[in-house]
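1. Here is a sequence together with a model predicted from it:
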Amino acid sequence: MAYKDVLKNSIKSFEDLDRWLAGQKVAVDPKLREVIAKYPMRVNKYYLNLIRKVNDGIWKQAIPGIDELEHFKDLTPDPLDEEGDIPLGGPRTIVHRYPDRVLLLISNECAMYCRFCTRKRKVGDDKKNPSIDDIKKGIEYIANHENIRDVLISGGDPFLTSNSRIDDVLTKLREIPHLELIRIGTRVPCVWPQKIIEDTEFIEILRKHTPKSLKEPQIFINTHFNHPNEITAESYQAVKILRQLGIPIGNQAVLMKGVNDDTEVMKTLMHGLGKMGIKPYYLYYADLVEGTGHFRTEVSRGKEICRDLCGTTTGFLRPLYVVDAQGGRGKVPVDLGFSDGISEEKRGGTLTSPIGLGKVFINDPIERIEGKRIRNRG
């Protein structure tokens, strides 16, 4: 099936879902019509075929559930206050939270609408799709603020825009002299790898924009795998093509109840990412987004999983567990708890071996000992 047909044949409506669920011998709840009306659905044929059983880790990410209509304390449409970080009077395609970097939104469309999406309030809504003029104003904002050295292109999914628009955006960004990094956030390698495998024009555009010297901004891609069953021959091939361009690839996963809130599942995922040449970057505590309460875990669960990974998997395959704090307060790393007493106020402290070899005290700072140096013999 050609890559465009994979997307074209997605299930998107209540009627589509009803027919598909009937094939799985699952009764459809009429309330799902209300869910889909509020939170758009798209599940392309490739990702749909990754489902192995009802309510598995793939199903939960893609198939709407009536739980999305339930209300939970503290959940809001925009818990990270992205709308509040849109520059006053500036383009709505820019979110400027950190002093030296911004978010540039160029698409409102995705190859698969994740049920846990942090931008559930607007992704998939055609009326909220960024216009060419809005994107242009966003790029002008970056060019006019010399303190910005890093831009994250996001959406939706940037790879769902036309090739010509991606080319134009990258061309204009690379012309900004103070820009050092261009990051692209995309789930396409995971949910629609055929786009990367088959669209040679798209790959040549990326090739054209990969830097040839230190004077050009480096391009990074952050993708999004949440479950080991998303790692397939097709997703590997897509990632391989991107890596052959010389583009570093990281992964941002979201901790979700019933999907990956298990040490063995997470370890298998991290090892699979390593085999694909992807560096695990963040493990997010799920954002407090309205319509996603059923995905909630305790904050401590992610801490426990990451602690379990210490000593049991390769160091650079362990993600940094973070909570993106409410109200736009930024990403907060969660301590793994292997140290006790180490702080600015205390001199040293106790370190616990992550592989069960007990505890050891470390002095801080190391104190000089007066005396005569003993010369080694031999």
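-> Structure received.
2. Start and end of stretch 121-133, how far apart?
-> Criterion C-alpha to C-alpha, to the nearest Å; first-to-last residue distance in stretch 121-133 is 22 Å.
3. how far out from the middle of the chain is that stretch?
-> Counting by C-alpha atoms, centre = their mean, to the nearest Å, stretch 121-133 is centred 20 Å from the centre of its parent chain.
4. Now do that stretch: everything it contacts.
-> 39-42, 77-78, 92-93, 105-110, 113, 117, 138, 155-156, 165, 289-290 (C-beta atoms under 8 Å, 6 or more residues apart in numbering). Just so you know, the C-beta spots here come from the backbone N, C-alpha and C atoms, and that holds for glycine as well.
5. Now with 6 Å, please.
-> Stretch 121-133 has contacts (C-beta atoms under 6 Å, 6 or more residues apart in numbering) with 40, 77-78, 93, 105-106, 108, 113, 117, 156.
6. And for stretch 148-155?
-> Stretch 148-155 has contacts (C-beta under 6 Å, 6+ apart) with 100-107, 142, 180-185.
7. coming back round to it: tell me the one among the contacts of stretch 121-133 nearest to F202.
-> I106 (14.7 Å; C-beta to C-beta).
8. Could you check how far that closest one is from K120?
-> When distance is defined by C-beta to C-beta, to the nearest Å, I106 is 19 Å away from K120.
9. again, but for D199
-> Computed as C-beta to C-beta, the D199 to K120 distance reads 28 Å.
10. What segments of the stretch 201-350 of the chain are strands?
-> For the stretch 201-350 of the chain, the strands defined by DSSP state E, counting those that start in this stretch occupy 218-223, 249-255, 279-285, 320-325, 330-333, 339-340, 349-352.
11. pLDDT (mean, whole number) over the first one?
-> In this model, strand 218-223 carries a mean pLDDT of 98.
12. partner strands of that strand, parallel or antiparallel?
-> The strands beside strand 218-223 in its sheet (DSSP bridges) come out as strand 181-185 (parallel), strand 249-255 (parallel).
13. can you list these in a markdown table and add mean pLDDT?
-> Putting the strands paired with strand 218-223 into a markdown table (pLDDT from 0 to 100) gives the following:
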| stretch | mean pLDDT |
| --- | --- |
| strand 181-185 | 98 |
| strand 249-255 | 98 |
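14. one step back: neighbour count for I106 and K120, which is higher?
-> I106 (25 against 22; other C-beta atoms under 10 Å).
15. what sits against the more buried one?
-> 130, 135, 153, 158, 161, 169.
16. do K73 as well
-> Counting by C-beta under 6 Å, 6+ apart, K73 has no contacts.
17. care to break the protein down by domain?
-> Domains of the chain are assigned by automatic domain parsing as 3-56, 83-333.
18. what about the longest one, how long is it end to end?
-> Criterion C-alpha to C-alpha; first-to-last residue distance in domain 83-333 is 23 Å.
19. Tell me where the model's unsure across the stretch 201-350 of the chain.
-> 343-347 (pLDDT under 70).
20. Quick one: the helices in it, in order.
-> 233-244, 263-276, 299-309 (DSSP state H, counting those that start in this stretch).
21. Kindly reformat those helices as a markdown table containing mean neighbour count and distance to C190.
-> Below are those laid out as a markdown table (neighbours: other C-beta atoms under 10 Å; distance: least, C-beta to C-beta, whole Å):
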| stretch | mean neighbour count | distance to C190 |
| --- | --- | --- |
| helix 233-244 | 17 | 6 |
| helix 263-276 | 19 | 10 |
| helix 299-309 | 18 | 20 |
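22. okay, those helices in TSV with distance to D29 next?
-> Putting the helices of the stretch 201-350 of the chain into TSV (distance: least, C-beta to C-beta, whole Å) gives the following:
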stretch	distance to D29
helix 233-244	31
helix 263-276	27
helix 299-309	28
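23. Any idea which of these gets closest to D67?
-> helix 299-309 (18.6 Å).
24. Mind putting the strands of the stretch 201-350 of the chain into JSON lines with mean neighbour count and distance to V265?
-> Putting these into JSON lines (neighbours: other C-beta under 10 Å; distance: least, C-beta to C-beta, whole Å) gives the following:
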{"stretch": "strand 218-223", "mean neighbour count": "21", "distance to V265": "18"}
{"stretch": "strand 249-255", "mean neighbour count": "22", "distance to V265": "11"}
{"stretch": "strand 279-285", "mean neighbour count": "21", "distance to V265": "12"}
{"stretch": "strand 320-325", "mean neighbour count": "18", "distance to V265": "15"}
{"stretch": "strand 330-333", "mean neighbour count": "12", "distance to V265": "22"}
{"stretch": "strand 339-340", "mean neighbour count": "13", "distance to V265": "27"}
{"stretch": "strand 349-352", "mean neighbour count": "15", "distance to V265": "25"}
